[in-house]
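Undergrad: my questions are about this predicted structure, shown below with the sequence.
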Amino acid sequence: MERRDLLRAGGAFAVASMAGCSSLAETQAGGVPSVLEDRPDGVYRPTHVEGMETVDTATSGEYAVGLLYSYPHRFWNVNGDDVSLTEIDRDDAVHLMASVWDRESKTVLPETGLSAELYRDGSLVSQETIYPMLSQPMGFHYGANFGLDGDGTYDVRLSVGAMQIRRTGAFEGRFGDPATVDIPFEYSENAKAEIDFRQLEDAGTPGAVDPMSMGSLPTAVAPAESALPGTVLGSGTSNDARLVVTVLDDPPSGIDESGTYLAVSARSRYNRMVIPAMGLSATLDRDGETIADTVLERTLNPELGYHYGTVVESVASGDDLTLSVTVQPQTARHEGYETAFGGLLGGMPDLTLGL
C-alpha cells in the first residue's frame, strides 16, 4: 500500500495543548458552543448534538445512496499527519451528508469517493467533492457544508466513484463502476430550525453519544467479535481505535494466495463504528524470531466487513502479533473524534497481542 493512496485534501496542521477535560467555553454566535479548551487524548463526549433529516434515497446499478442534512457543522480535515479545523462559514446554510451502500446486502461502502452538484432552476449553485467523515451519531459517511440561495427546491446530483480497495467473497468483482443519482431537496429555513439541537452537560468527558436511528438507512457498524468468521485471537486499543484480530484457515475467494488469512477489524472503542482508510502493518514473532512482517490491505468482505487483511504462512498459539498504524485514518472528524485515532494529538501507539 502506498502512502499517497490514503491521502485526502486538507489544510495546515494546528495543535493546541490539550489534557483532561473542562467545562464549556463561551458560546459562539448562532448557539454553537466554542471548541473545548482542554480535551482528552481520545474519544470524548462533544459540546452538543445536532439532529438530522433524511431528504431521500435513490439507487443506481449496485448502489443505494441516502441524502441527509442538518445545521452547518465544524469539522476537522485530515491530510496525512496534518489535521485542521474547518469552521462554519457565515454563508454556510446546511451540512449535507450522504451514505452509500450495497443494494443487496445493505453493507455501507467506505472509500467510494463522492462528489455533489447542487442545481436550482437548472443553474449550478454549488459543486464539491464531499469529505469522507466519522461522527459519533452517524459513523462513517460523506459530508460538507454548503451555501444555498435561500428557500426553494434544489436538485442534488451525487456521483459515486468506483471502489479502489480489494473486494473478496461475494463482493469480488463488484462496485468497480461509478454511478450517479439525482435527489430533489426542498429546503426552508423554518424546516431546518425544527431539527433538534442539544448541548451536553458532560461535554469533554471520555465516552461517546449514542448512534442516531437512521431509519431504513444502514450504518457502518463493525461485526460483533462473536460474529466474526474464523477464530478471534485477541483485541486491544490504540488511541481509542479497537483492533480485533481473527484468523481464517484459508483466504477468502478473490485472494490468489495460500496460507492463513489474518484479518484485523478496526472499530471505535464505543459503538463499534467502522474505522476505514488507515495504513496498518503487522509483525508476527514466534519463539523470538520474526516469521512475518507485512502490510495489511484494506479489504471489503460480506462476513468480515471492512477490514485490514493479509496472508501469512501460519499463526500458532504463543505467537506475538504487533500491529502498527503507518497512516492514521484519512477521514475528516466531527467533534468528539478529532483527538482520537491519531487526530489532533497525533500518533497511534503500536499494539502487541499475545496470541
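TA: Received the coordinates, thanks.

Undergrad: what residue of the chain is the furthest out?
TA: For the chain, the residue at maximal distance from the C-alpha centroid (CA atoms, centre = their mean) is Asp287, at 37.1 Å.

Undergrad: how far away is the closest residue to Gly279 other than its chain neighbours from Glu194?
TA: Of all residues not flanking Gly279 in the chain, Val327 sits nearest, at 3.1 Å (CB to CB, 6 or more residues apart in numbering). Where you see a C-beta, it was placed from the backbone N, CA and C, and this is true even at glycine. According to CB to CB, to the nearest Å, Val327 and Glu194 sit 41 Å apart.

Undergrad: more crowded one of these two?
TA: Val327 (22 against 9; other CB atoms under 10 Å).

Undergrad: how near is the more buried one to Ala162?
TA: The spacing between Val327 and Ala162, counted by CB to CB, is 22 Å.

Undergrad: what do you get for Val125?
TA: Val125 sits 27 Å away from Ala162, taking CB to CB as the criterion.

Undergrad: between the two, which one's more packed in?
TA: Val125 (17 against 11).

Undergrad: what about the more buried one, distance to Phe185?
TA: Going from Val125 to Phe185 by CB to CB gives 11 Å.

Undergrad: now the common contact residues for those two.
TA: Residues touching both Val125 and Phe185 by CB atoms under 8 Å, 6 or more residues apart in numbering: 118, 154.

Undergrad: give me the domain ranges for this protein.
TA: As given by automatic domain parsing, the domain ranges for the chain are 11-199, 225-354.

Undergrad: now the first one, how far from the centre of its chain.
TA: The chain centroid and the centroid of domain 11-199 are separated by 11 Å, computed with CA atoms, centre = their mean, to the nearest Å.

Undergrad: now swap in the shortest one and tell me
TA: Mean-position distance between domain 225-354 and its chain equals 16 Å (CA atoms, centre = their mean).

Undergrad: what's the local residue count around the residue lying closest to Glu303 once chain neighbours are set aside?
TA: Among residues not flanking Glu303 along the chain, Pro229 sits closest, at 4.7 Å (CB to CB, 6+ apart). Residues lying near Pro229 (other CB under 10 Å) number 17.

Undergrad: for Ser317, same thing?
TA: The local packing count at Ser317 equals 7, with neighbours defined by other CB under 10 Å.

Undergrad: hmm, back to that, the residue nearest to Glu303 and Thr246 touch, don't they?
TA: Yes - at 7.0 Å, Pro229 counts as touching Thr246 under the criterion of CB atoms under 8 Å.

Undergrad: mutual contacts of the two, please.
TA: Leu304.

Undergrad: and the longest strand seen in the chain, which strands flank it?
TA: Using DSSP state E, we find that the single longest strand of the chain is strand 289-301. Looking at strand 289-301 with DSSP bridges, its partner strands are strand 166-167 (parallel), strand 279-286 (antiparallel), strand 305-312 (antiparallel).

Undergrad: of these, flag the one that's most buried.
TA: Highest mean neighbour count among those (mean count of other CB atoms under 10 Å): strand 305-312, with a mean of 23.

Undergrad: pull the residues that contact that one.
TA: Here strand 305-312 has contacts from 107, 110, 220, 222-223, 251, 255, 257-266, 274, 276, 278, 280, 282, 284, 291-292, 294-301, using CB under 8 Å, 6+ apart.

Undergrad: give me the buried subset of the residues you listed.
TA: Taking 16 or more other CB atoms under 10 Å as the criterion, what is buried in the contacts of strand 305-312 is 107, 110, 220, 222-223, 251, 255, 259-266, 274, 276, 278, 280, 282, 284, 292, 296-301.

Undergrad: and Ser135, how close does it get to Asn301?
TA: Look at Ser135 and Asn301: by CB to CB, they are 25 Å apart.

Undergrad: repeat that for Asp121.
TA: 45 Å.

Undergrad: measure stretch 221-237 end to end?
TA: 17 Å (CA to CA, to the nearest Å).

Undergrad: quick one: mean pLDDT over that stretch.
TA: Summarised as a single mean, pLDDT over stretch 221-237 is 97.

Undergrad: point out where the protein drops to low pLDDT.
TA: For the chain, residues meeting the criterion pLDDT under 70 lie at 1-30.

Undergrad: enumerate every residue touching the closest residue in space to Lys106 that isn't next to it in sequence.
TA: Nearest residue to Lys106, sequence neighbours excluded (CB to CB, 6+ apart): Pro218, at 4.4 Å. Residues near Pro218 by CB under 8 Å, 6+ apart: 99, 101, 106-108.

Undergrad: let's see 10 Å
TA: Contacts for Pro218 were tallied using CB atoms under 10 Å, 6 or more residues apart in numbering; they are 64, 66, 99, 101-102, 105-108, 139.

Undergrad: ranges for the strands of the stretch 201-350 of the chain?
TA: Using DSSP state E, counting those that start in this stretch, the strands of the stretch 201-350 of the chain run over residues 231-238, 241-248, 260-268, 279-286, 289-301, 305-312, 320-327, 332-333.

Undergrad: the ones you listed into TSV, with extra columns for distance to Val35?
TA: Shown next, in TSV, are the strands of the stretch 201-350 of the chain (distance: least, CB to CB, whole Å):
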stretch	distance to Val35
strand 231-238	24
strand 241-248	22
strand 260-268	20
strand 279-286	28
strand 289-301	31
strand 305-312	30
strand 320-327	25
strand 332-333	12
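
Undergrad: thanks a lot, catch you later.
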